[in-house]
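*Asks:* I would like to see how this sequence folds:
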Amino acid sequence: MLIINGTVHTMDGPVIENGFVAVSGSKIAKVGPMEDCPANWEGEVIDAQGGHICPGFIDAHCHLGMFGDALGFEGEDGNEETDPCTPQLRAIDAVNPLDRCFSEARAAGVTTVLTGPGSANPIAGQFAALKTDGRWVDDMVVRAPVSMKLALGENPKQVYHHRDETPVTRMATAAIIRENLRKAVEYGEKLDKAAQDEDTDPPDYDAKLEALLPVVRGELPVHIHAHRADDIATGVRIAKEFGLKCVIVHGTEGHLIPELLAGEKIPVITGPALGDRCKPELANMTLENPIILQRVGVEVAICTDHPEVPIQYLPLCAALAVKGGMDEESALAAITLSAAKIAGLDGMLGSLTPGKEADMVVTDRHPLELLGGVRAVLIGGRRI
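*Replies:* Residues are numbered from 1 along each chain as shown. Take a look at the predicted model:
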């Protein structure tokens, strides 16, 4: 595959005003200006016709495939609202890759998503990074698990308040997370001791604690749902107590504490910004949140939180960040390279770098232009 005559947004280098991208198999082989384009190419050629060539878009936080499109309870598999601690739940056991929203994602150039449980539970379960093309979820996995979802603030309170069960306060939400993280630490210590001493019996198998082991060992990051500044602080506090790798999801009031997040070197997946202030903790929502965080050095991605905002509007969400003050390339990075970095996938995705996977979008205008259209989408070097 050879894509020619387009503005190439490499994301890890300068924009090439009139360039090409060559693909070999499933990988990017060469990128450069048209004067360096390979001659006598044996293979398919896509003429961008003066449009734009960029990496496939990455939604760093959504629930694609977890809440069935146009379905009621029968298709809602994102929240196990029967137990506030469910780390053993795996997104791949709920995702329906035949949900039509996957095709809408592909048509919009969204080639990779981080999808998983919602925010009903303080410890919600395991997210997965998936390509958006496929019929069998196991073949779509980029990494599973890619993170452990935690949730603070109003959502767990609302769910369990109606049931007269814990947690109904922010204190209890944090306490549930701490209690189970500490249990996982002790569980791991007992396993290690049993492995070193044949006279010591290992602890009984515990699916929840097994799932939390890579979290407390620093191997699996936690993605913490938090809107209010005090909830963000609680998430960071717990992460520091247990030495966790931490990402803040939504971070709606991050713009009120930007230098504090920068000081902690905590990345933020912002959004969704395309919506109303439907609950109290969204009172300070602003389109300027991404740029305020970026200015002080916070790594920022932008998400749809699908189905909160339909997945196909991910580029529009990035365009809204431009309206809020971000420059176009930074906003594009927030749904490509920065999203890949936060997900720990930048070694294979997020930029048009030789050797990386050939996930690409060809658009007829700038990729964040509202009236623009998608001319071609490649996933793994294959045009879909």
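*Asks:* please count neighbours and contacts with C-alpha atoms only from this point.
*Replies:* OK.
*Asks:* show me where the stretch 51-200 of the chain has its strands.
*Replies:* 52-55, 57-62, 110-115, 123-131, 141-151 (DSSP state E, counting those that start in this stretch).
*Asks:* now these as a markdown table including distance to residue 81, mean pLDDT and mean neighbour count?
*Replies:* Shown next, in a markdown table, are the strands of the stretch 51-200 of the chain (distance: least, CA to CA, whole Å; pLDDT from 0 to 100; neighbours: other CA atoms under 10 Å):
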| stretch | distance to residue 81 | mean pLDDT | mean neighbour count |
| --- | --- | --- | --- |
| strand 52-55 | 37 | 98 | 29 |
| strand 57-62 | 18 | 98 | 29 |
| strand 110-115 | 18 | 98 | 28 |
| strand 123-131 | 9 | 98 | 27 |
| strand 141-151 | 13 | 98 | 23 |
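*Asks:* out of those strands, flag the one nearest residue 208.
*Replies:* For these, proximity to residue 208 was assessed by CA to CA; strand 123-131 is nearest, at 9.4 Å.
*Asks:* which residue packs closest to residue 229, ignoring adjacent ones?
*Replies:* Excluding its sequence neighbours, the residue lying closest to residue 229 (CA to CA, 6 or more residues apart in numbering) is residue 253, at 5.2 Å.
*Asks:* that neighbour: neighbour count?
*Replies:* 23 (other CA atoms under 10 Å).
*Asks:* and residue 18, what does it touch?
*Replies:* The contact partners of residue 18, by CA atoms under 8 Å, 6 or more residues apart in numbering, come to 5-8, 33-34, 50.
*Asks:* swap the cut-off to 7 Å and go again
*Replies:* Neighbouring residues of residue 18 by CA atoms under 7 Å, 6 or more residues apart in numbering: 5-7, 33-34.
*Asks:* redo those residues as TSV? Include distance to residue 177 and pLDDT.
*Replies:* TSV is the format used below for these (distance: CA to CA, whole Å; pLDDT from 0 to 100):
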residue	distance to residue 177	pLDDT
5	52	98
6	49	98
7	47	98
33	52	98
34	54	97
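*Asks:* buried ones among those residues?
*Replies:* 5-7, 33-34 (16 or more other CA atoms under 10 Å).
*Asks:* ends of stretch 283-290, how far apart?
*Replies:* This stretch, stretch 283-290, spans 16 Å end to end (CA to CA, to the nearest Å).
*Asks:* give the buried residues for it.
*Replies:* Using 16+ other CA under 10 Å as the test for burial, stretch 283-290 gives 285-290.
*Asks:* looking at the residues you listed, spot the one nearest residue 26.
*Replies:* residue 290 (32.7 Å).
*Asks:* who's in contact with the spatially closest residue to residue 141 that is not a sequence neighbour?
*Replies:* Closest residue to residue 141 apart from its sequence neighbours, by CA to CA, 6+ apart: residue 130 at 4.5 Å. By CA under 7 Å, 6+ apart, residue 130 lies in contact with 112-114, 140-142.
*Asks:* one more pass at 10 Å, please.
*Replies:* By CA atoms under 10 Å, 6 or more residues apart in numbering, residue 130 lies in contact with 58, 64, 92, 95, 97, 111-115, 137-144, 146.
*Asks:* then residue 157?
*Replies:* 120-122, 165-170, 172-173.
*Asks:* 7 Å - rerun?
*Replies:* Contacts of residue 157 (CA under 7 Å, 6+ apart): 167-169.
*Asks:* which of these tops the neighbour count?
*Replies:* residue 167 (22 neighbours).
*Asks:* now do that residue against residue 52, distance only.
*Replies:* 49 Å.
*Asks:* and for residue 99?
*Replies:* For residue 99, the distance to residue 52 - CA to CA - is 29 Å.
*Asks:* before we move on, what about residue 383?
*Replies:* 16 Å.
*Asks:* quick one on the thing from earlier: from the contacts of residue 157, pick the one nearest residue 217.
*Replies:* residue 167 (26.0 Å).
*Asks:* verify the stated contact: the closest one with residue 173.
*Replies:* Yes. Judged on CA atoms under 7 Å, residue 167 makes contact with residue 173 at a distance of 5.4 Å.
*Asks:* hey, what's the residue nearest to residue 141 bridged with?
*Replies:* The partner list for residue 130 in beta bridges (DSSP bridges) reads residue 113, residue 141.
*Asks:* measure it to residue 366 for me?
*Replies:* Counting by CA to CA, the gap from residue 130 to residue 366 is 25 Å.
*Asks:* which residues touch stretch 288-300?
*Replies:* 254-255, 258-259, 261-262, 265-270, 321, 324-326, 334, 338.
*Asks:* same deal with stretch 311-327?
*Replies:* With CA under 7 Å, 6+ apart, stretch 311-327 has contacts from 104-105, 108, 273-274, 287-288, 290-291, 302-304, 328, 331-332, 368, 370.
*Asks:* ok, residue 197 - how many residues close by?
*Replies:* Residue 197, neighbours per other CA under 10 Å, totals 11.
*Asks:* next one: residue 35
*Replies:* Residue 35: 10 neighbours (other CA under 10 Å).
*Asks:* shouldn't it be within a strand?
*Replies:* No. Read with DSSP: H, G, I helix; E, B strand; the rest coil, residue 35 is helix and lies in no strand.
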